[in-house]
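In: Structure here, sequence nowhere to be found:
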């Protein structure tokens, strides 16, 4: 699984290869990572160099104190990032919005019908991808104008599933 890690203003792609190796932006590093006595203190070996980090969860980010510097960090897997990206690119309130598949997958359920009124945040479609079911929600209040997908259909990323006006 790949993760998108944002530290400050910089993004890194991190892929866990196995228990001892990770890839950071394509560079493979040897790691050993362990919690110290169930505290928010972690012992970290990276390519043989030892570090001690204090890690604190905070609302939307993790605060990491490393070598005397505090770093805000957020971590999300690729799937979460795609889902968030499709939900955050909100439509113009008066325009038509085309709900597109954020990833390839199987249309498991379509919870609305053409002509049905929907509210912002209402689940419209459930898309299964990588054995996970993802709820695709309406970004605005409106009416379903056209349903283009069918239950049981396999769709590619960016396939328009339905439209909301």
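Out: It's in. Every value quoted in this text rests on a predicted model; they were computed, and no experiment measured them.

In: contacts, neighbours, all on C-alpha from now
Out: Will do.

In: among the helices and strands of this structure, which has the poorest mean pLDDT?
Out: helix 78-88 (a mean of 63; mean pLDDT, DSSP states H and E).

In: helices and strands around the next helix or strand after that one, which ones?
Out: Counting by DSSP states H and E, the element after helix 78-88 in chain order, helix or strand, is strand 97-100. Packing partners of strand 97-100 (3 or more Cα pairs under 8 Å, 6 or more residues apart in numbering; DSSP states H and E): strand 160-164.

In: redo that, cut-off 10 Å
Out: helix 78-88, strand 132-137, strand 142-147, strand 160-164 (3 or more Cα pairs under 10 Å, 6 or more residues apart in numbering; DSSP states H and E).

In: Show me what counts as buried in the second one.
Out: The neighbour-count check on strand 132-137 (16 or more other Cα atoms under 10 Å) flags 133, 134, 136, 137 as buried.

In: Not counting its own residues, what contacts it?
Out: Contacts to strand 132-137, defined as Cα atoms under 10 Å, 6 or more residues apart in numbering, come from residues 79-80, 83, 86-87, 99-103, 105-110, 118-128.

In: Listing request: residues of this protein with sub-threshold pLDDT.
Out: Applying pLDDT under 70 to the chain flags the ranges 59, 79-94.

In: Noted, bye for now.
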